[in-house]
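>>> pasting the structure only:
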């Protein structure tokens, strides 16, 4: 029993070390604000998604009428989120054809139905706040998190335009190690202040997270009761086992 417990501790330690190592690679990710329980934030995120993302990206696993679950009525969906004759029960398809997308961007924009589950909310939050002007790119934009990204900065009107300055800094304790520090310089201001833009991105990422699993809140709530049941059952099983083996030598 003690040997098995020791092996379990070692495995958990190795997994934890691997997680820390993986998170330390590449650009450090900023933690996305958790607004999963805020209906106003999810509604604002839905509006941003429809206005800025749905032109190129689809969300073919989501229907407009599921937005009722974040507090929107059918009338609100029709008036604010439907622009090209879609119906409330339709799937959230994009208006761009795959052929046009291939010609314009070189790749077909991915479906965003489960992008938050695939990439992670922290990655999305950092990615949408890491664009900068790069004249060497066909779109004129690049991204710190996703270098040489094909997608232009669709939220540039909100954030404004900026450039990135890369500075190499030598480690004073080891001259062979060189770190790269990135500083952004504003070129033109956006419609939103920097803190307001971060808030808007947090809303958008929260909506993408909800869209990837609309039932996640129910799952988490039920998960707590399941774990409590397992805990009570474990105590009863342990007491039964101790009583059974008490008289056996």
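Everything's here; your move. Predicted model, so just to flag it, every value in this text is computed and none were measured.
>>> now stretch 172-192: buried residues?
Using 16 or more other C-beta atoms under 10 Å as the test for burial, stretch 172-192 gives 190, 192. Backbone N, C-alpha and C define where each C-beta goes, glycine included.
>>> low pLDDT regions in this protein?
1-25, 171, 175, 178-179, 249 (pLDDT under 70).
>>> which residues of this protein fall in helices?
Here the chain has its helices, by DSSP state H, at 2-24, 39-48, 74-81, 98-105, 115-119, 121-127, 156-159, 194-212, 216-245.
>>> what does the fourth one contact?
Just to be clear, that refers to helix 98-105. If you take C-beta atoms under 8 Å, 6 or more residues apart in numbering as the criterion, helix 98-105 is touched by 56, 107-109, 139, 150-151.
>>> repeat that for the shortest one.
Helix 156-159 is contacted by residues 129, 131, 141, 153, 190-192, 194, 197, 200 when judged by C-beta under 8 Å, 6+ apart.
>>> these into TSV, with extra columns for distance to residue 45?
As requested, these are exported to TSV (distance: C-beta to C-beta, whole Å):
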residue	distance to residue 45
129	15
131	18
141	22
153	18
190	18
191	17
192	15
194	19
197	14
200	8
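>>> and the gap between the residue nearest the centre of the chain and residue 230?
For the chain, residue 121 is the residue whose C-alpha lies nearest the centre (C-alpha atoms, centre = their mean; 2.2 Å). According to C-beta to C-beta, to the nearest Å, residue 121 and residue 230 sit 28 Å apart.
>>> what's the answer for residue 100, then?
Counting by C-beta to C-beta, the gap from residue 100 to residue 230 is 52 Å.
>>> residue 224 now?
Remark: distance between residue 224 and residue 230 (C-beta to C-beta) = 11 Å.
>>> got it, and residue 105?
Residue 105 is 48 Å from residue 230, by C-beta to C-beta.
>>> for residue 139, same thing?
For residue 139 relative to residue 230 (C-beta to C-beta), the value is 51 Å.
>>> the more surrounded of the two?
residue 139 (14 against 10; other C-beta atoms under 10 Å).
>>> could you pull up phi and psi at the residue nearest to that one when sequence neighbours are not counted?
Excluding the flanking residues, the one nearest residue 139 by C-beta to C-beta, 6 or more residues apart in numbering is residue 152, at 4.0 Å. Main-chain torsions, residue 152, degrees, to the nearest 10: phi -70, psi 170.
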